[in-house]
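Participant: show me how the following folds:
(chains A and B)
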Amino acid sequence: MSISDAEKVASVNDTTDPNRIEITKWSLTEIWERYGSWAVTAINLTCFFIIWELFARSGAINPLFLPTASGMFSALWEGFTTTAPPGAVISGSIRDHLFYSLTNLSIGLGIACIIGIPAGLLMGGSKYVETTLSPYVWALASLPRIALVPLFILFLGFTVKMQITIIVLSAVFPIIINAWAGVKTTEKSLLAAAKVFGASRRELYMKVVLPYTLPFIISGIQQGIGRGLIGVVIAEIFGGSKGLGYLITRAADTFNSSLMYAVLFLLVVVSLSLIQITRSLEAYVAPWRRVNKV
Amino acid sequence: MTVVETRRRSASHDPSPAPANVTPVIVSKNLTVGYKLHRERKKLTALRDINLTINRGEFIVLVGPSGCGKTTFINAISGLVEPWEGSIEVNGQPVVGPGPDRAMVFQDYALMPWRTVESNIRMPFELQKLGLSKEEMDERVRHYIDLVELTGFEKSFPYELSGGMKQRVGIARALVTEPDILLADEPFAAIDAMTREAMQSELERFVAKTGQTVVFITHSIDEAITLGDRIVVVSHRPGQIKEVVDVDLPRPRFDYDVKLLPEYSKLRDHIWHLVKDEALRGAHGEEG
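Facilitator: A predicted model of the protein is given here:
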């Protein structure tokens, strides 16, 4: 029995023994280990923007192409604090365009999930569906989506429908493929265990395949967000009079480099935040995968 | 091959009249089973012509070279694979798929990573209708968590546990429905040597308490002798029963330190010779 007791104590998670845990004071090294990377990132970015500012001010590059960092931030601030006057046809406010783009992105992603998750699950679950659909999925997934933009402009005109179609087509394939792969890679021993303990076919899907596939679906959505964002910008650059993509082209046309850089910077921030949200979601629904990754 | 099964038994016992308290639980008659390899249009026989009768409360250990079909035998009992020829019966009924009278412990634990210890152990109740009330099920789950000494870890997830603890969850999950038959496919193979010995003694203790019939696969001859009432040596593929060896050592074997007994080393030697020949045949076969 002594061995099994020793084993229990050795377990990382055993907090039942109060003598095992000792609260230690923060040492400088510990603080550095914990917050050091944040500090480095902050200093790193500050240096980057300072060097940018100095470089832009030196006049080595025409300010039409490269604004100062402070110029970009003030354009960003202005764009967020003002809205278009009532009745204006076209707004110069970043806030309005951001709202428009994000709305389209969420609608597009929502539709992509509604189509993509069941399609991927069915493809993983049924050989017939898989054989039937896989040539189309691979063909469309490998086709650069931008090549389809003229086609959809032809079909749907310069409309929101066209833009959302592009977003859906961009985002749906990573979702389908990940859900499909998740079902396909469900561990055989988990399925065998469920079968031995009496699971019906339906229960195998509901209690093993689906929970196993959930983190795959979320990473599919994560990739879908990245692709969807590309879809948003492409659709708006090619055929739109609203949205961040449109604002970039308009800023370029009017030689407003500060505004253009502000929008680009904003796109980076939006994309990173959305990806971070899905990452935390993944860590929340599948903590065992987070541990395996490290 | 029927003769082989009783060869060693007949050397020591009178084979014909079975003792009154012995009831056969698993009866395998001329069982031949294997796999289809669809791509190569081949059928691969894993086990050929297996005749074996396992009695209630017996601890049967299968040893044999890798890939000899031991797992297939267990899968045939559990109902995961169907016999090609011959039959396999559990409690007098031919096996047609998994049932609540049988449960299995897996080499890689096969715990659902998204379920807590408690929820994993409760899972068989969700999949099988056993006619128990909610209180009875709660009581059973608590009882088996206690038995495998995981009290305090009910809310932990498998990834937070060590290998030995994971397998104890696996064992509790298999015992919780109180099945007649416990099947174990190399359950301690992935566990470190020290913990393995402790787990073996614990398994002996659990089974002594619950009285299950156990069919246990292992690669370790020591493990086989430490746990088994009878050891079935399976030949290289297609697996056939080479010999059934009785283990007449006192229980609980850990308390008696059976490893120090002269019978132990004699048995070990005997089984090692049987297995060695088969393993060598397997090794040469795979090279050629």
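
Participant: enumerate the residues of the stretch 151-288 of chain B near chain A.
Facilitator: Contacts of the stretch 151-288 of chain B with chain A, taken as CB under 8 Å from any CB of the partner chain, map to B:152-153, B:156-162, B:164-165, B:173, B:177, B:183, B:194-195, B:197-199, B:202. Heads up, the C-betas are built off the backbone N, CA and C, glycines and all.

Participant: just checking, which of these belong to strands?
Facilitator: Within those, residues falling in strands by DSSP state E are B:L183.

Participant: which among the residues of the stretch 151-288 of chain B next to chain A count as buried?
Facilitator: Among those, those classed as buried by 16 or more other CB atoms under 10 Å in any protein chain shown are B:153, B:156-158, B:160-162, B:164-165, B:173, B:177, B:183, B:195, B:197-199, B:202.

Participant: list the contacts of the residue lying closest to A:F216 once chain neighbours are set aside.
Facilitator: In this structure, A:F216 finds its nearest non-sequential neighbour in A:G182, 3.0 Å apart by CB to CB, 6 or more residues apart in numbering or on different chains. Taking CB atoms under 8 Å, 6 or more residues apart in numbering or on different chains as the contact definition, A:G182 lies against A:120, A:124, A:212-217.

Participant: what does B:S28 give?
Facilitator: Neighbouring residues of B:S28 by CB under 8 Å, 6+ apart: B:50-53, B:73, B:76, B:86-89.

Participant: recalculate using a threshold of 7 Å.
Facilitator: Applying CB atoms under 7 Å, 6 or more residues apart in numbering or on different chains to B:S28 gives the contacts B:50-52, B:88.

Participant: same thing with A:I107?
Facilitator: So A:I107 contacts A:I164 (CB under 7 Å, 6+ apart).

Participant: cool, B:Q128 as well?
Facilitator: Applying CB under 7 Å, 6+ apart, the residues near B:Q128 are A:197-198, B:100, B:177.

Participant: need the residues you listed in CSV (columns: secondary structure and distance to A:T29).
Facilitator: Formatted as CSV, those follow (DSSP: H, G, I helix; E, B strand; the rest coil; distance: CB to CB, whole Å):
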residue, secondary structure, distance to A:T29
A:F197, coil, 49
A:G198, coil, 54
B:P100, coil, 56
B:T177, coil, 52
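
Participant: among those, who's most crowded?
Facilitator: Counting neighbours by other CB atoms under 10 Å in any protein chain shown, A:F197 leads the contacts of B:Q128 with 27 neighbours.

Participant: check the burial of the nearest residue in space to it that is not next to it in sequence by counting its neighbours.
Facilitator: Distances taken as CB to CB, 6+ apart place B:P124 nearest to A:F197, at 4.3 Å, with adjacent residues excluded. Residues lying near B:P124 (other CB under 10 Å) number 26.

Participant: which secondary structure element is home to B:G34?
Facilitator: strand B:24-37 (DSSP states H and E).

Participant: adjacent strands (with direction) for that strand?
Facilitator: Paired with strand B:24-37 in the same sheet, following DSSP bridges, are strand B:42-55 (antiparallel), strand B:85-90 (antiparallel).

Participant: compare the ones you listed and say which comes out lowest on pLDDT.
Facilitator: Confidence, taken as mean pLDDT, is least for strand B:42-55 of those (a mean of 87).

Participant: list the buried residues for it?
Facilitator: B:45-55.

Participant: where does chain B dip in pLDDT?
Facilitator: Along chain B, segments meeting pLDDT under 70 span B:1-21, B:282-288.

Participant: identify the bridge partners of the residue sitting nearest the centre point of it.
Facilitator: Residue closest to the average C-alpha location in chain B (CA atoms, centre = their mean): B:F216, at 2.0 Å. In this entry, B:F216 is beta-bridged to B:V61, B:A184, by DSSP bridges.

Participant: do the same with B:I26
Facilitator: Here B:I26, judged by DSSP bridges, has bridge partners B:I54, B:V90.

Participant: measure the residue nearest to the centre of chain B to A:V196 for me?
Facilitator: Look at B:F216 and A:V196: by CB to CB, to the nearest Å, they are 15 Å apart.

Participant: where does A:M72 land on pLDDT?
Facilitator: On the pLDDT scale, A:M72 is placed at 90.

Participant: likewise for the one 5 residues further on?
Facilitator: Taken from the predicted model, the pLDDT recorded for A:W77 is 89.

Participant: so which strand or helix has it?
Facilitator: Going by DSSP H and E, A:W77 is part of helix A:69-81.

Participant: so what's the gap between the helix or strand just after that helix and the chain middle?
Facilitator: Of the helices and strands lying after helix A:69-81 in sequence (DSSP H and E), the nearest is helix A:94-125. On the basis of CA atoms, centre = their mean, to the nearest Å, helix A:94-125 sits 11 Å off its chain's mean C-alpha point.

Participant: mind listing what's buried in helix A:94-125?
Facilitator: For helix A:94-125, the neighbour count (16+ other CB under 10 Å) marks A:94, A:96-98, A:100-102, A:104-105, A:108-109, A:111-113, A:116-117, A:119-125 as buried.

Participant: is it correct that B:G86 is in contact with B:V33?
Facilitator: No: at 8.2 Å, B:G86 does not count as touching B:V33 under the criterion of CB atoms under 7 Å.

Participant: who has more neighbours, those two?
Facilitator: Using other CB under 10 Å, the more surrounded residue of B:G86 and B:V33 is B:V33, with 24 against 17.

Participant: so who does that one touch?
Facilitator: B:46-47, B:72, B:76, B:81, B:83-84.

Participant: mind doing that once more with 10 Å?
Facilitator: Contact analysis of B:V33 by CB atoms under 10 Å, 6 or more residues apart in numbering or on different chains lists B:45-48, B:50, B:69, B:72-73, B:75-76, B:81-86, B:88, B:238-239.

Participant: so which residues of chain B form strands?
Facilitator: Under DSSP E, chain B gives strands at B:24-37, B:42-55, B:59-63, B:85-90, B:93-94, B:102-105, B:181-185, B:213-217, B:230-234, B:241-246.

Participant: orientation of the second one relative to strand B:241-246 in degrees?
Facilitator: With axes from the mean of the first three to the mean of the last three CA atoms, to 10 degrees as the basis, strand B:42-55 and strand B:241-246 are set at 20 degrees to each other.
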